[in-house]
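**Student:** the following comprises the amino acid sequence and a computationally predicted model.
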2 protein chains.
Amino acid sequence: MAESTHLTVVPVEPGQSRYAALAAALRARVVAGEWPPGSALPAEQTLAAEHGVALGTLRRALELMADQGLIERIHGRGTFVRAGMTGATMMRFFRFGEGTGEVPVSRIVSRQLLVAPAEVARRLGLARGDTALRLLRVRSFAGQPGVYEEIWLPPALFGELVESDTQAWGDLLYPLFAERCGVHVHRAVDEIAFGALTAAQARHLALPAGHPCALVTRNAYDLAGHCVEVRFTRGDAHAFHYTVTIT
Amino acid sequence: MAESTHLTVVPVEPGQSRYAALAAALRARVVAGEWPPGSALPAEQTLAAEHGVALGTLRRALELMADQGLIERIHGRGTFVRAGMTGATMMRFFRFGEGTGEVPVSRIVSRQLLVAPAEVARRLGLARGDTALRLLRVRSFAGQPGVYEEIWLPPALFGELVESDTQAWGDLLYPLFAERCGVHVHRAVDEIAFGALTAAQARHLALPAGHPCALVTRNAYDLAGHCVEVRFTRGDAHAFHYTVTIT
DNA sequence: AAGTGGTCTAGACCACATC
DNA sequence: ATGTGGTCTAGACCACTTG
């Protein structure tokens, strides 16, 4: 069945521009999986003809989507659905292997299916009493432990990880999520706070119990906006640093 | 002297687009003070004609400048040089009068001309041994002290503040800088770290000495990119919180 | 009513990546 | 050589703000 000149006119709400309506329509098609993460959208000319708009209008729609981080445009190659976050490492919050872009060594110290605490269930959108996959891991630089992470995952998406060999996982989780589970982390919200280490946490970081720590609580979301991971990252408060530019 | 059809063609470096060159030229005119902060630029049609480019090209240049926070475009009114930062209050880092947008009460507890510490002099671009104006202030919510600030200003710009009545300054410094000294803070870089309060600092915050604190070190810059303020803000670490979204 | 920025069009041409 | 996105033009019309 040939997809011939399928002119699809997007309805425009009053008070909304044509390119905004177009962007919303295209966004819906991306989220629905019509073009999976990493794949290319049709050429501008094609999309413009399909929707019966001028090239300039179609381009404004794509530029909007690119600004929102949904797609990536590459001169001469095409327009691609973004595969996942780039360079959103937790280590940007701590001065350990700073600046080098070095990836810390990851060691999974625990993997269990547990009833999710109420707060975690709420963030993941699970019902009270539902179980979730909990990972505990230590990330080290030059053999020195830097941060201790508690990671909660909904088993419906991550069943694949329950029995696989954690030794083979490598040092980064998001590429693993994409390859093994088809879950693409697209956006994350990090909340920074301050606290003290419990005895158990301190042990993994080679610090005394009660030592001050920075706590980063992350909600990670997929393309559709569903929360797919909740992560608590703790590290020595004195190693914490972060820079924000305001304008 | 009538500024008639003064066609000013902007030279375009190879590998650079015409609108980028145009934006750079306009940026230079803004920084030079040709259109002071808060004032309006000429209309699009006028600027386009002046530079001998199409309207669309001129618009792209202005959009670039707007994205960089240099100007603000208002539909139906005009294009304006941004007067200063909006909503960059320090209090966004702490949970005190959170969400209410309430402005904390400010009390200046010290104002002195002192030799700037090396680190401060470096940040302000002063020579070693130069003096600077140091302010110490406490900012309170509902009568409770929230943060303690140490502020360093170059006297060349802020001489006006050395002798004026601090009681009359009000609760916000940046509007004061603009009105009394003609200094417009346009961009700021905040570095976040954790530490402990000295006895003197703790006293002003009604906390015990050695109490953990969040430290925000700010460099503030004017339109031309010169550092015009260095500020150290300290508050109870347990009241600290900050949220970042990554995509 | 007049002036401002925002949208949309139609088309030409340029720059980059790939085969 | 071909296909992709990026730039630039010229002009029409719309939407918002102000006197």
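**Tutor:** Happy to help now that I have it.
**Student:** let's check: the centremost residue of chain A is which one?
**Tutor:** Centroid-nearest residue in chain A: A:V185, 2.8 Å away (criterion: CA atoms, centre = their mean).
**Student:** distance of A:T198 from B:L26?
**Tutor:** Per CB to CB, to the nearest Å, A:T198 is found 56 Å from B:L26. C-betas here are computed from N, CA, C, even on glycine.
**Student:** about what we covered before: doesn't A:C227 make contact with the residue nearest to the centre of chain A?
**Tutor:** No. If you go by CB atoms under 8 Å, A:V185 and A:C227 don't touch, sitting 10.3 Å apart.
**Student:** shared neighbours, those two?
**Tutor:** Contact with both A:V185 and A:C227 is made by residues A:A220, A:Y221, according to CB atoms under 8 Å, 6 or more residues apart in numbering or on different chains.
**Student:** could you chop chain A up by domain?
**Tutor:** Using automatic domain parsing, the domains assigned to chain A come out as A:18-81, A:90-239.
**Student:** which bits of chain A sit near DNA strand D?
**Tutor:** A:15, A:41, A:43-46, A:55-56, A:59, A:73-79 (CB under 7 Å from any atom of the strand).
**Student:** pull out the buried residues from the residues you listed.
**Tutor:** Burial by neighbour count, judged by 16 or more other CB atoms under 10 Å in any protein chain shown, picks out A:L41, A:E44, A:R59, A:T79 from those.
**Student:** A helix includes the last one, no?
**Tutor:** Right, the one you point to is A:T79. No. Using DSSP: H, G, I helix; E, B strand; the rest coil, the secondary structure at A:T79 is strand, not a helix.
**Student:** residues contacting it?
**Tutor:** A:A40, A:L41, A:E44, A:L62, A:I71, A:E72, A:R73.
**Student:** is it in a bridge, and if so with what?
**Tutor:** Under the criterion DSSP bridges, A:T79 forms beta bridges with A:R73.
**Student:** and the pLDDT at it?
**Tutor:** A:T79 carries a pLDDT value of 98.
**Student:** about what we covered before: among the domains of chain A, which comes closest to B:P208?
**Tutor:** In terms of CB to CB, the element of these nearest to B:P208 is domain A:90-239, at 14.6 Å.
**Student:** between the buried ones among the residues of chain A next to DNA strand D, which is closest to DNA strand C?
**Tutor:** The closest of those to DNA strand C turns out to be A:R59 (CB to the nearest atom of the strand; 8.1 Å).
**Student:** sec struct for the nearest residue to A:A25 once chain neighbours are set aside, please.
**Tutor:** In space, and not counting its chain neighbours, A:A25 is closest to A:V10: 4.6 Å by CB to CB, 6 or more residues apart in numbering or on different chains. State at A:V10, reduced to three classes by three-state DSSP: coil.
**Student:** now do the contacts for A:V10.
**Tutor:** A:R18, A:A21, A:L22, A:A25, A:H51 are the contacts of A:V10 under CB under 8 Å, 6+ apart.
**Student:** just A:R27 next, same as before
**Tutor:** A:M65, A:L70.
**Student:** beyond the stretch of helix or strand it belongs to, next helix or strand please.
**Tutor:** Assessed by DSSP states H and E, A:R27 sits inside helix A:18-31. Sequence order places helix A:44-51 as the next helix or strand after helix A:18-31, per DSSP H and E.
**Student:** mind checking if the very next helix or strand once past that next one is in reach of DNA strand C?
**Tutor:** From helix A:44-51 onward toward the C-terminus, using DSSP H and E, the following helix or strand is helix A:55-67. Yes. Using CB under 7 Å from any atom of the strand, helix A:55-67 reaches DNA strand C at A:L55, A:G56, A:T57, A:R60.
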